[in-house]
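>>> I'll drop the sequence and a predicted model, then ask my questions.
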Amino acid sequence: MKRPAWLSLKHRRRTDAARQPWSLRQRLLLTVMGASIGLWLVTLTIVVGVAWLATSEFFDDALEEGARLVLQLAPQGGSHGLADARTARLERDEVLGLRMYYQLVAPDGRVLLRSEDTPDTAFLPDEDDDETATVWADGEFWRVHVRPGPGGVTAQVAQPMEERLELLEDMAESLLWPALGLLGLLAGLSWWQIRRLLRPLEDTASRINRQSPDGLTPIEAADAPRELQPILDALNALLQRLNAALDGERRFTADAAHELRTPLAALRMRVQLIERELQLPQRHLQQLRADIDRCTALVESLLTLARLEPQAQAPAMETVALDALLDGMDLTELTRGMRIEYALEVPQLRASPPLLRSALRNLVDNAMRYGRDGTRIRIETARLPGGGTRLAVRDDGPGVPASQRARLGERFFRVLGTGQSGNGLGLSIVARIAALHRARLHFEDGIDERGLGVVLDFPPA
């Protein structure tokens, strides 16, 4: 049964999300801050709750004291109003900014006296016991304390619950900003501590990055935490096996260089001896000599690539004088009648001399091999705008079609129809040498928009 499109899209999104790398530092920080915020909310709730209970008890005590004061200031029997001074004193009585409202209630529930803004009806008309309660009166909740007095008169002193809640909100706001500041400080300290504690991971990654195939030594991390030690042990075991494998490859390369060169050279000498001893026409053994030369060139190219491949880091660099390097290569004998020109705008180049010599020899050999009689070969250098150096070998031979230039660096790739023998490894060696120098290899037109130009753009020294 075919899966619905929306289900496939959902599954694809989940797969993409699972493939995305996640940050251990970010998850640790989110975990710490999430737990801290949760505990902070719980703590704030507890603090506000305890503060509410404490202030409510304090306010209730103030109401009780206010009721006692009302009975003391009230006239006997409560039939007359309070004196003006006493009334003003009671109406001004406040506790932490909350005003108290009072009533003198007769035994039959009538309000004999009351303060301003107090309901006309009694808070608790039928209550004659000493108690504190929360009641609904005049459209809001009140906290009321009732105190019985002489003659059945009761003093009822109240405070609006809304005013108490406003005081509690002010208290919560006063606690909020310092708590948020402490949370911000905790976030900064947590980020700094997590980054400091995860620094051994970054240091270990730097040590691993500094490893090269030429020296795969065990990674020492004495300051690494215990949790990281099993990973280092496994990695060191892997490096040991890799080092043993690379040593075996190097030994094989060295042995192959000796075992393959010697028989081919001996075979070529025997062919020449057979030619002289039997006095056979040269055409009978010419093809055999060409095949031997081709095998020898192939072996040399393969061994060169085998020596270059294990290197992961740039080789030792030095300032190379190009005039001296080209003179040492003795290219005049290699040209076989072809002309070589020099246009060295930049006389020096920061590179590895043996690798640079190998690259130039391969490029000149390719230009000679695939060129026509009278082909011009030009070796030129120029300064790049960003401070780098351009090294190019150009010719005015038959060239390579633009559609096939992108494959010139591939191993064993040869342009068809040239009529020349080769192994297709020369430009592969040049591409590897360019990569070791962090240079960019690309191909352009040759001299006078003819032929081929092989260009290496070296980065600034």
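Ah, there it is. Numbers count the residues shown, from 1 in each chain.
>>> Provide the count of other residues in contact range of the residue nearest to Ala343 when sequence neighbours are not counted.
Leaving out its chain neighbours, the residue that sits closest to Ala343 by C-beta to C-beta, 6 or more residues apart in numbering is Glu380, at 3.9 Å. Where you see a C-beta, it was placed from the backbone N, CA and C, and this is true even at glycine. Neighbour count for Glu380, taken as other C-beta atoms under 10 Å: 18.
>>> I'd assumed Ala321 was in contact with Leu344.
No: using C-beta atoms under 8 Å, Leu344 makes no contact with Ala321, being 9.9 Å away.
>>> Which of those two has more residues huddled nearby?
Leu344 (16 against 13).
>>> Check the gap between that one and Gly248 for me.
43 Å (C-beta to C-beta, to the nearest Å).
>>> just checking, Val157 touches Arg143?
No: counting by C-beta under 8 Å, Val157 sits too far from Arg143 to count as a contact (9.5 Å).
>>> what do these two both touch?
Common neighbours of Val157 and Arg143, counting by C-beta atoms under 8 Å, 6 or more residues apart in numbering, are Leu63.
>>> Could you pull out the helices in the stretch 151-300 of the chain for me?
161-197, 199-209, 229-278, 282-308 (DSSP state H, counting those that start in this stretch).
>>> quick revisit: compare neighbour counts for Val157 and Arg143 and give me the winner.
Remark: of Val157 and Arg143, Val157 carries more neighbours, 28 against 21, as counted by other C-beta under 10 Å.
>>> what are the bridge partners for that one, then?
For Val157, the beta-bridge partners are Tyr102, His145 (DSSP bridges).
>>> and the gap between Pro347 and Thr381?
Taking C-beta to C-beta, one finds Pro347 at 8 Å from Thr381.
>>> Between the two, which has more neighbouring residues?
Thr381 (19 against 11).
>>> That one and Asp323 touch, don't they?
No: counting by C-beta under 8 Å, Thr381 stays clear of Asp323, with 10.8 Å between them.
>>> joint contacts of these two?
Contacts common to Thr381 and Asp323, judged by C-beta under 8 Å, 6+ apart, are Leu344, Pro347.
>>> Next, the residue nearest to Ala343: phi, psi?
phi -140, psi 150 (degrees, to the nearest 10).
>>> what sits against it?
Tyr342, Ala343, Leu344, Glu345, Leu391, Ala392, Arg394.
>>> Output the lowest mean pLDDT helix or strand found in the chain.
The least trusted helix or strand in the chain, going by mean pLDDT, DSSP states H and E, turns out to be helix 84-92, with a mean of 47.
>>> and this protein, what are its domains?
The chain breaks down into these domains under automatic domain parsing: 5-46+186-200, 47-169, 226-306, 316-458.
>>> What's the local residue count around Asp365?
Asp365, neighbours per other C-beta under 10 Å, totals 15.
>>> Where does the prediction get shaky in the stretch 251-400 of the chain?
253-262, 264, 275, 277-314, 330-337 (pLDDT under 70).
>>> again, only this time at 80
251-316, 328-337, 369-374, 398-399 (pLDDT under 80).
>>> Same check on the stretch 1-150 of the chain?
For the stretch 1-150 of the chain (pLDDT under 80), the answer is 1-25, 44, 48, 72-99, 109, 115-117, 125-130.
>>> please redo it, this time with the cut-off set to 50
1, 77-89, 92 (pLDDT under 50).
>>> Return the residues in contact with Pro398.
Pro398 neighbours (C-beta under 8 Å, 6+ apart): Tyr370, Gly371, Arg372, Thr418, Gly451.
>>> thinking again about what came up before, what's the overlap in contacts for Pro347 and Thr381?
Leu322.
>>> what helix or strand does Ala434 sit in?
Ala434 is located in helix 426-436, with elements delineated by DSSP states H and E.
>>> what comes up buried for that helix?
Buried residues in helix 426-436, counted by 16 or more other C-beta atoms under 10 Å: Gly426, Leu427, Ser428, Ile429, Val430, Ala431, Arg432, Ile433, Ala434, Leu436.
>>> Report the separation between Ala434 and Trp142.
Counting by C-beta to C-beta - Ala434 and Trp142 are separated by 90 Å.
>>> per-residue confidence at Asp233?
Note on Asp233: pLDDT of 84.
>>> count of residues packed around it?
12.
>>> before we move on, what about Pro200?
Count around Pro200 with other C-beta under 10 Å applied: 15.
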